[in-house]
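In: Sequence and predicted structure below; questions after.
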Amino acid sequence: MHDIGWQLERIAEMVDVPPRRREDPFRVLITTILSHRTRDENTEKAAQLLFDAYPSPSALKDAPVDSIERLIRATGFYSVKAERVKEVARIVDEELGGVVPDTREGLEALPGVGPKTANCVLVYAFEKEALPVDTHVHRIANRIGWVSTSSAESTERELAAVVPRRYWGMLNETLVSFGKQICRPIRPLCAQCAISSSCVYYNELVSQIKEKH
């Protein structure tokens, strides 16, 4: 069985990962809040419209809720999110001096910010070591056999124990791309996967096929 670092390196070689550029922390924070239960393309569209209209915490905190709703309508639960991002903008502007926290504790103190959102901000805005666990990461980590968990929170805890820290920063973006391009939720492209021989899911699939013959 190959170690997780070796597998991650092979996965990174297989997929096209969009080039990363360090983003504005406030934009990463708000965009990640908008991304909850929303397709990536809809999140990007909504975030662009929102920041074109209200580019700063001070502008967003003073925006009418109905205006925010119209701009982010492409996202799921847009009414809830409109209230939430407005309040987050107010806290950042009025209570934090316009500065987004750069610690998990500080981020999770904001309304609507859980572990995934906090970790995304740490990785993509501050280039810190963290493990954002979304549906792709949770599914793939269990499918390959790195963890055996039922929730994103428990997946994060177990990954933190088994993934070398030097791989934390690249894990999320690598597995998200892998989950979209090869290790898809339905009908994964195992024949195109360079780590299939060390994947629990694939080996169980092969065993089932052999048993039928």
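Out: Noted; the coordinates are in hand. Residues are numbered from 1 along each chain as shown.
In: which stretches of the chain have low pLDDT?
Out: 1-2, 213 (pLDDT under 70).
In: May I see the domains of it written out as residue ranges?
Out: What automatic domain parsing lists as the domains of the chain is 4-16+133-145+169-212, 25-124.
In: Can you tell me which of the ones you listed is most buried?
Out: domain 25-124 (a mean of 18; mean count of other Cβ atoms under 10 Å). Backbone N, C-alpha and C define where each C-beta goes, glycine included.
In: And that domain, end to end?
Out: Terminal residues of domain 25-124 lie 8 Å apart, using Cα to Cα, to the nearest Å.
In: now swap in stretch 66-79 and tell me
Out: Termini of stretch 66-79 sit 8 Å apart (Cα to Cα).
In: how distant is that stretch from the center of its chain?
Out: A distance of 20 Å separates the centroid of the chain from that of stretch 66-79, by Cα atoms, centre = their mean, to the nearest Å.
In: mind putting the domains of the chain in a markdown table, distance to residue 159 included?
Out: Formatted as a markdown table, these follow (distance: least, Cβ to Cβ, whole Å):
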| stretch | distance to residue 159 |
| --- | --- |
| domain 4-16+133-145+169-212 | 6 |
| domain 25-124 | 11 |
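In: of those, which approaches residue 162 most closely?
Out: Closest of those to residue 162 is domain 4-16+133-145+169-212, at 6.1 Å (criterion: Cβ to Cβ).
In: all helices of the protein, in order?
Out: Secondary structure of the chain (DSSP state H): helices at 4-14, 25-35, 40-53, 57-61, 65-71, 78-90, 104-108, 115-124, 135-144, 152-162, 168-181, 200-212.
In: Need those in CSV (columns: distance to residue 188).
Out: Listed next are these as CSV, based on distance: least, Cβ to Cβ, whole Å:
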stretch, distance to residue 188
helix 4-14, 12
helix 25-35, 23
helix 40-53, 19
helix 57-61, 40
helix 65-71, 36
helix 78-90, 31
helix 104-108, 32
helix 115-124, 23
helix 135-144, 8
helix 152-162, 18
helix 168-181, 9
helix 200-212, 8
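In: circling back to that earlier point, select, out of the domains of the chain, the one closest to residue 158.
Out: domain 4-16+133-145+169-212 (7.9 Å).
In: For that closest one, measure first residue to last.
Out: Distance between the two ends of domain 4-16+133-145+169-212: 31 Å, counting by Cα to Cα.
In: Can you tell me the closest non-neighbouring residue to residue 132?
Out: Distances taken as Cβ to Cβ, 6 or more residues apart in numbering place residue 119 nearest to residue 132, at 3.9 Å, with adjacent residues excluded.
In: Please read the previous query as pertaining to residue 166.
Out: Per Cβ to Cβ, 6+ apart, closest to residue 166 is residue 5, 7.8 Å.
In: pretty sure that neighbour is in contact with residue 168, am I right?
Out: No. Residue 5 is beyond contact range of residue 168, at 11.1 Å (criterion: Cβ atoms under 8 Å).
In: ok now do the residue nearest to residue 166, which residues does it touch?
Out: 163-164, 166-167 (Cβ atoms under 8 Å, 6 or more residues apart in numbering).
In: Residue 193 too?
Out: 14, 182-183, 199, 202.
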